[in-house]
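Asks: give me a model of this one.
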Amino acid sequence: MFPVITSADNDKLKTIRKLQQKRWRTKLGLFSAEGEDLQGPGPEFVLRAGVDVEPELLDAVSTLGSGTRVIGVYEQQWAEPKGDLLVYLHRVEDPGNVGTIIRSAHALADATVVLGPGCADPYSPKAVRASMGSIFTRPPARAELDALDGHKVALDVTAEREVRDVELTAPVVLVLGSERGELPQDAGGGLEAVRIAVHADSLNVAMAATVALYEVAHRMAADG
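Replies: Got it, this is the predicted structure:
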């Protein structure tokens, strides 16, 4: 049994601090996950307050305002952009939205989220927390939109047709723009624009993705 860590200069605590910065996550190919409900398989290491490390030292490297009882460090995993349903994100810059969409894609359609250029880091602490563990089960992919095969359907609040009115045949690529509603430049040419029925002007991109995923997954199941 290893002794409890009692120094802030411990190498594992230094690694956790580094992983709060994107450049170090990229360089090391690692990420941290905080909380007992966010621990996945095959960690590089796990620190538990009062067991592996003094609680105040673990709190000092936590990104949560209330501190944490567990922090695990893991190797980043990247999936291949393949499947009957993919969710492509275009310049979605908020890590909380990226993590939430990964969670919704996993929960509602067991689908992979594909990150295009300009998206937030899915392995940032905020994105990992928002994914609620789905980052381990359904890790994201990276690709350009034109490299993806399938029926490409883009959410656009100005579209005339609703998601429920479109015939969907696998493979399907559900395309979501940025929080400001920006879609890829070829939206008018290679994408079929659709909308979801709402009574407000618009929805947060993560909420819109969740509703659209529910509709698309059920439509694809019904259409066989």
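
Asks: can we go C-alpha only for contacts and neighbour counts from here?
Replies: OK.

Asks: can you pull the phi and psi angles for residue 72?
Replies: Phi and psi for residue 72, reported as degrees, to the nearest 10, are phi -110, psi 150.

Asks: show me what it is bridged to.
Replies: Here residue 72 sits in beta bridges with residue 33, residue 46, going by DSSP bridges.

Asks: any low-confidence regions in the protein?
Replies: Residue ranges of the chain with pLDDT under 70: 1, 179, 181, 185-189, 201, 223-224.

Asks: in what helix or strand does residue 27 lie?
Replies: Assigned by DSSP states H and E, residue 27 belongs to helix 22-28.

Asks: now the strands for this structure?
Replies: Assigned by DSSP state E, the strands in the chain fall at 30-34, 45-48, 70-75, 85-89, 112-115, 141-142, 151-155, 172-176, 192-194.

Asks: quick check: longest helix of this structure.
Replies: Counting residues, the longest helix found in the chain (DSSP state H) is helix 205-223.

Asks: elements contacting that one?
Replies: helix 95-109 (3 or more CA pairs under 8 Å, 6 or more residues apart in numbering; DSSP states H and E).

Asks: in the helix it packs on, what's buried?
Replies: Using 16 or more other CA atoms under 10 Å as the test for burial, helix 95-109 gives 95-106, 108-109.

Asks: show me what contacts residue 174?
Replies: Neighbour list for residue 174: 85-88, 152-155 [criterion: CA atoms under 8 Å, 6 or more residues apart in numbering].

Asks: which one among the residues you listed gets closest to residue 212?
Replies: Of all the contacts of residue 174, residue 155 has the smallest distance to residue 212: 8.1 Å, by CA to CA.

Asks: name the residue closest to the centre of the chain, please.
Replies: residue 99 (3.2 Å; CA atoms, centre = their mean).

Asks: how close does that one sit to residue 11?
Replies: 28 Å (CA to CA, to the nearest Å).

Asks: would you mind confirming that residue 125 makes contact with residue 33?
Replies: Yes. Using CA atoms under 8 Å, residue 125 is in contact with residue 33, at 6.8 Å.

Asks: burial count for residue 44?
Replies: Residue 44: 12 surrounding residues under other CA atoms under 10 Å.

Asks: give the contact list for it.
Replies: Applying CA under 8 Å, 6+ apart, the residues contacting residue 44 are 72-75.

Asks: just the buried residues of the residues you listed.
Replies: Here, 16+ other CA under 10 Å leaves 72-74 buried among those.

Asks: so residue 129 sits right up against residue 32, yeah?
Replies: No. Residue 129 is beyond contact range of residue 32, at 9.8 Å (criterion: CA under 8 Å).

Asks: neighbour-wise, which of the two wins?
Replies: The residue with more neighbours, out of residue 129 and residue 32, is residue 32; 29 against 24, by other CA under 10 Å.

Asks: thought that one was touching residue 125?
Replies: Yes. Assessed by CA under 8 Å, residue 32 is found in contact with residue 125 at 6.7 Å.

Asks: ok so, going back, the residue nearest to the centre of the chain contacts residue 136, doesn't it?
Replies: No. The pair residue 99 and residue 136 fails to qualify as a contact (CA under 8 Å) at a distance of 11.5 Å.
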